[in-house]
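>>> Quick check, what structure comes out for this input:
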Amino acid sequence: MSEDKKHTKKHGTAFGVDIGGSGIKGAPVDLGDGEFGADRVRIPTPQPSTPDAVAATVAEVVDSFHLDKGVPIGVTFPAVILHGVAQSAANVDKSWIGTNVEKAVQHATGRKVLAVNDADAAGYAEALYGAAKGVDGVVLMVTLGTGIGSALIVDGHLVPNTELGHLEIDGHDAESRAAESARDRDDLSWEAWGERLQRYFTVVENLFWPDLIVVGGGVSKHHEKFLPLLDLRTKIIPAELRNAAGIIGAAALAADYRG
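Okay, the predicted model is just below:
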């Protein structure tokens, strides 16, 4: 194992919360194996999903468990996160833009909190415990859903907020053509959608030259219908952790955090 990868060996417990547009889910995570330490709790996302309402719901999720005060808390959020502050807002109230997610949740829970983009959390989890475990070099995680999320991990280190779904390709925002929602909207066959994915992933691999591409999102459970259609030089495989990835990645990143 390289020196760069040694830091990824973890011990103890951290708590992860996955904040989404429809549900807020949380569970303690055993950092040794990336497994949940107890059954996940899910509470519907309040509507409107304002900062105060969401933070209170996160506190309710956290308080469902008997956690020591020192347990690190990580939360995923559907936005670009810079130094704890949301720069965008996807599927949550727009009043989150400019809000410090970490401070809002910290105030509600009374605990120190790390906030991270949802795709970044999922990608980090796959690198530590899932499909990309033990892979050195550059790993790119791409989630195909309503949009395209991305996470870039280099020798075990997350490069946050890559937003590669918004690359302009052939005059289009990439996710408007290649997201899973575009397949539904345009009633595309797997083969027709595969052609769009081929174009997208060819551009991405020529920009980043990854050692591995991991594909997540709900559609990844149908990976045998579209991944074999792609002709890339980079190995491309489905994610393994599915809906657990956000919670696991948020917990692991919180455990790493020394801020």
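
>>> Please enumerate the helices of the stretch 1-150 of the chain.
Read by DSSP state H, counting those that start in this stretch, the stretch 1-150 of the chain holds these helices, from start to end of the chain: 3-6, 51-62, 101-109, 118-129.

>>> so how far is the last one off the chain centroid?
The gap between the average C-alpha position of helix 118-129 and the chain average comes to 6 Å, counting by Cα atoms, centre = their mean, to the nearest Å.

>>> circling back: mean neighbour count, the helices of the stretch 1-150 of the chain: which tops it?
Across the helices of the stretch 1-150 of the chain, averaging neighbours per residue (mean count of other Cβ atoms under 10 Å) puts helix 118-129 on top, at a mean of 29. Using the backbone N, CA and C atoms, a C-beta is placed for each residue, glycine as well.

>>> Show me the domain layout of this protein.
3-120+244-256, 135-240 (automatic domain parsing).

>>> ranking those by mean pLDDT, which is last?
Per-stretch averages of pLDDT across these put domain 3-120+244-256 at the bottom, with a mean of 94.

>>> I'd like the distance from that one to the chain centre, please.
Averaging C-alpha coordinates over domain 3-120+244-256 and over its chain gives two centres that are 11 Å apart (Cα atoms, centre = their mean).

>>> Tell me how far Met64 lies from Ala250.
No, residue 64 isn't Met; it's Ser. Ser64 sits 16 Å away from Ala250, going by Cβ to Cβ, to the nearest Å.

>>> out of the two, which sits in the busier spot?
For Ser64 and Ala250, the more surrounded residue by other Cβ atoms under 10 Å is Ala250, and the numbers stand at 35 against 15.

>>> Name the helix or strand for the more buried one, please.
Using DSSP states H and E, the element containing Ala250 is helix 245-256.

>>> now for that helix, which elements pack on it?
The elements that helix 245-256 packs onto, with contact taken as 3 or more Cβ pairs under 8 Å, 6 or more residues apart in numbering; DSSP states H and E, are strand 13-19, strand 23-30, strand 73-77, strand 113-117, helix 118-129.

>>> could you check the angle strand 13-19 makes with that helix?
Computed with axes from the mean of the first three to the mean of the last three Cα atoms, to 10 degrees, the direction of helix 245-256 lies at 130 degrees from that of strand 13-19.

>>> mind saving the C-alpha coords of helix 245-256 as CSV?
Taking only C-alpha atoms (Å, rounded to 0.1, in the frame of the first residue of the first chain), the coordinates of helix 245-256 have been written out as CSV:
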residue,chain,number,x,y,z
ALA,A,245,-23.0,5.8,-0.1
GLY,A,246,-23.9,9.3,1.0
ILE,A,247,-24.2,8.5,4.7
ILE,A,248,-21.1,6.4,4.6
GLY,A,249,-19.0,9.1,2.8
ALA,A,250,-20.2,11.9,4.9
ALA,A,251,-19.3,10.0,8.1
ALA,A,252,-15.9,9.1,6.7
LEU,A,253,-15.1,12.7,5.6
ALA,A,254,-16.3,14.0,9.0
ALA,A,255,-13.9,11.6,10.7
ASP,A,256,-11.0,13.0,8.6
